[in-house]
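In: From the sequence below, what's the structure:
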Amino acid sequence: MITGFFDISPGIYNLWILSAIFLVISTGIILLFPKHNIKKFTEVPDIGIKTKLNKFSYYLILFISVFIPIKQNTLWFYFGSIIFLAGIVLYTVSMFYFAISEYNLPVTQGIYKIFRHPVYISFFLITAGMIIAGTSGFLLIVTILHFYTLIFIIKEEEKECEKKYGNLYIEYKQKTF
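Out: Presented below is the predicted three-dimensional model:
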């Protein structure tokens with residue numbers, strides 16, 4: 001067992017720093033969006049309790065990060081930071097292509113040629129990096145809940161995209177992960 005896997009204590013050198021980096025970058029990117037695409041990005045299907053649990057777990061991840069010390073100058077910290085940064089880069093690239101896409105078409109340019117959900121993959125990398133950098137069992141448990149509920153949201157989003165874009169989206173699905 002990793003020492004301190006369930007340790008919590010508020011502090012200056014905690015995972016909130018990584019959460020703050022993500023929030024600043026994501027807010028900055030969204031502010032740069034064309035206004036019609038902000039609406040497109042924020043349209044998330046409401047599937048009842050799973051949507052509520054997903055939002056709750058997202059905010060809980062941010063809240064818990066205040067209490068999880070970063071394991072500074074350890075392999076955990078360096079490995080987690082690399083994964084976190086990879087997630088930030090993927091998020092930034094994904095959002096760029098989302099921002100330049102046309103409102104009435106599915107996003108299929110850039111990284112979206114490979115992955116249908118690169119933003120969700122980037123969230124996974126960002127939170128995995130945070131879990132590793134802080135070796136946090138609490139964060140791991142909440143993140144598992146978050147991604148479990150996200151699976152249902154993704155399935156519902158894909159159904160809505162099939163309705164909205166028809167064969168164009170179905171063909172796109174067949175070409176991507």
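In: helices and strands of the chain: which one has the lowest mean pLDDT?
Out: Ranked by mean pLDDT, DSSP states H and E, the weakest helix or strand in the chain is helix 35-42, scoring a mean of 72.
In: Going C-terminal from it, what's the next secondary structure element?
Out: Under the assignment DSSP states H and E, the closest C-terminal helix or strand after helix 35-42 is helix 49-64.
In: hmm, who's touching that following helix?
Out: When contacts are defined by C-beta atoms under 8 Å, 6 or more residues apart in numbering, helix 49-64 is touched by residues 8, 15, 19, 23, 44-45, 127, 130, 136, 138-139, 142-143, 145-146, 149-150, 152-153. Every C-beta, even on glycine, is put in place using the N, C-alpha and C of the backbone.
In: Tell me which entries of those residues lie within helices.
Out: Restricting the contacts of helix 49-64 to those inside helices, with DSSP state H as the criterion, leaves 19, 23, 127, 130, 138-139, 142-143, 145-146, 149-150, 152-153.
In: Highest neighbour count among those?
Out: Counting neighbours by other C-beta atoms under 10 Å, the top entry in the ones in helices among the contacts of helix 49-64 is residue 130, with 29 neighbours.
In: So that one versus residue 139, what's the distance?
Out: Computed as C-beta to C-beta, to the nearest Å, the residue 130 to residue 139 distance reads 6 Å.
In: Residue 23 now?
Out: From residue 23 over to residue 139 the distance is 16 Å, taken as C-beta to C-beta.
In: number of nearby residues for the closest residue to residue 36 other than its chain neighbours?
Out: Using C-beta to C-beta, 6 or more residues apart in numbering and skipping the chain neighbours, the partner closest in space to residue 36 is residue 103 (4.6 Å). Residue 103: 10 surrounding residues under other C-beta under 10 Å.
In: Give me the phi and psi angles of residue 103.
Out: When read as degrees, to the nearest 10, the backbone of residue 103 gives phi -60, psi -40.
In: List the contacts of it.
Out: Counting by C-beta under 8 Å, 6+ apart, residue 103 touches 36-37, 40.
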